[in-house]
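K.L.:
Here you go, sequence then predicted model.
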Amino acid sequence: MGRVLLAAPRGYCAGVERAIATVEEALRRHGPPVYVRKQIVHNTSVVADLTRRGAIFVEELAEVPEGALVVFSAHGVAPAVKREAAERGLRSIDATCPLVTKVHREAVRLAESGHEVILIGHAEHEEVEGTVGEAPERIHVVDPARPDELVLPRHAKAGWLSQTTLSVDETLATVARLRERHPGLADPPSDDVCYASQNRQEAIAGLAPRCDLVLVVGSPNSSNSRRLVEVALSAGAPAGHLIDTAAEADEAWLEGVTTVGVSAGASVPEYLVAELLEWLAARGYADVETVTRTQETLTFALPREIQR
């Protein structure tokens with residue numbers, strides 16, 4: 001009846017694997033409960049699984065008993081959060097993705113060299129909150145959809161950074177717009193959009209024009225998963241949906257559809273993709289072709305607190 005084009009790479013990136021393994025290893029070594037500030041990664045199923053195994057997810061450190069073990073999520077935290085943990089006698093493990101840590105360090109470098117730091121991203125996202133905390137008096141968050149709202153003197157000494165999970169094209173378009181008003185805007189030493197976000201966006205963009213429908217597995221609060229749907233639609237897919245699990249898929253979407261594209265955000269376990277493929281197969285879409293954009297081999301060592 002129909003076929004599926006399965007994007008590769010998809011699902012877990014190295015930073016997500018590291019963060020989840022950190023919580024798992026902390027539970028193994030120390031036993032439950034292990035507290036986690038915010039969601040370790042933005043995926044409902046992952047959080048539910050770790051909760052069943054003894055992790056307790058909290059919004060703020062005030063919810064963590066003194067002396068307890070707390071893990072900081074992959075999205076990073078501000079220095080003030082680390083200081084608060086130390087002041088309250090908490091044992092902490094920092095599972096911040098190394099690529100996010102790179103952005104933090106670059107923000108500090110720019111601020112210390114006298115630059116105003118233009119951070120392209122979504123102010124409410126945990127990653128952005130953590131980065132802003134590195135130099136709050138110098139960092140100006142610019143929503144990629146509203147770059148003209150930035151208020152800085154035209155010739156201010158400024159450099160830009162970005163949230164790692166944004167769309168590459170969206171980020172570059174925002175930088176171009178900012179540079180119209182700030183021609184001396186300094187670039188970061190390397191692209192801030194993480195390799196995994198970029199690879200997954202390129203993979204889905206490559207197959208989207210061949211699809212009648214694109215389904216992306218990912219939770220609604222996952223920035224990189226939402227970007228995949230946006231990229232697919234921009235690349236030519238007539239329709240696209242973000243679903244947390246196969247249970248959210250709607251048979252009505254398949255009406256008149258010959259080819260379905262499937263991918264998953266960087267915080268999505270592969271079993272959720274397998275469940276979606278089973279759901280599609282049961283409805284006549286059993287022919288699956290994997291479309292590989294690139295191979296990923298990067299891995300990150302566990303945090304030093306776990307290594308010790």
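P.N.:
Yep, that arrived.

K.L.:
Please save the CA atoms from the helix or strand of the chain with the lowest mean pLDDT in CSV.
P.N.:
Least confident helix or strand of the chain, by mean pLDDT, DSSP states H and E, is helix 304-307 with a mean of 88. Provided in CSV are the C-alpha atoms of helix 304-307 (Å, rounded to 0.1, in the frame of the first residue of the first chain):
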residue,chain,number,x,y,z
ARG,A,304,34.2,13.3,36.2
GLU,A,305,32.1,12.9,39.4
ILE,A,306,30.8,9.6,38.1
GLN,A,307,34.3,8.5,36.9
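
K.L.:
From the contact counts, what lies against the longest helix seen in the chain?
P.N.:
What stands out as the longest helix in the chain, according to DSSP state H, is helix 14-30. Under the contact criterion of 3 or more CB pairs under 8 Å, 6 or more residues apart in numbering; DSSP states H and E, helix 14-30 touches strand 34-37, helix 44-52, strand 69-72, helix 98-112, helix 304-307. (Glycine included, C-beta is placed from N, CA and C.)

K.L.:
Tell me which of those approaches residue 211 most closely.
P.N.:
helix 44-52 (24.6 Å; CB to CB).

K.L.:
quick one on the thing from earlier: would you reformat the helices and strands packed on helix 14-30 as TSV and include mean neighbour count and distance to residue 273?
P.N.:
Written out in TSV, the entries for these read as follows (neighbours: other CB atoms under 10 Å; distance: least, CB to CB, whole Å):
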stretch	mean neighbour count	distance to residue 273
strand 34-37	24	24
helix 44-52	16	11
strand 69-72	24	26
helix 98-112	19	23
helix 304-307	13	28
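
K.L.:
burial measure for the residue lying closest to residue 184 once chain neighbours are set aside, as a count.
P.N.:
Once flanking residues are discounted, residue 184 sits nearest to residue 155: 6.7 Å by CB to CB, 6 or more residues apart in numbering. By the criterion of other CB atoms under 10 Å, residue 155 has 10 neighbours.

K.L.:
Check whether residue 155 sits in a helix, strand or coil.
P.N.:
coil (DSSP: H, G, I helix; E, B strand; the rest coil).

K.L.:
my guess is it meets residue 181, correct?
P.N.:
No. Residue 155 is beyond contact range of residue 181, at 10.0 Å (criterion: CB atoms under 8 Å).

K.L.:
Quick one: mean pLDDT for stretch 202-220?
P.N.:
In this model, stretch 202-220 has a mean pLDDT of 98.

K.L.:
ignore the last one, stretch 225-240
P.N.:
97.

K.L.:
If you count neighbours, what's buried in it?
P.N.:
Neighbour-count burial for stretch 225-240 flags 225, 226, 227, 228, 229, 230, 231, 232, 235, 237, 240 (criterion: 16 or more other CB atoms under 10 Å).

K.L.:
Wait, a strand at the fifth one?
P.N.:
I take that to be residue 229. No. Counting by three-state DSSP, residue 229 falls outside a strand, being helix.

K.L.:
which ones are touching residue 266?
P.N.:
11-13, 15-16, 165, 194, 196-197, 200, 222, 224-225 (CB atoms under 8 Å, 6 or more residues apart in numbering).
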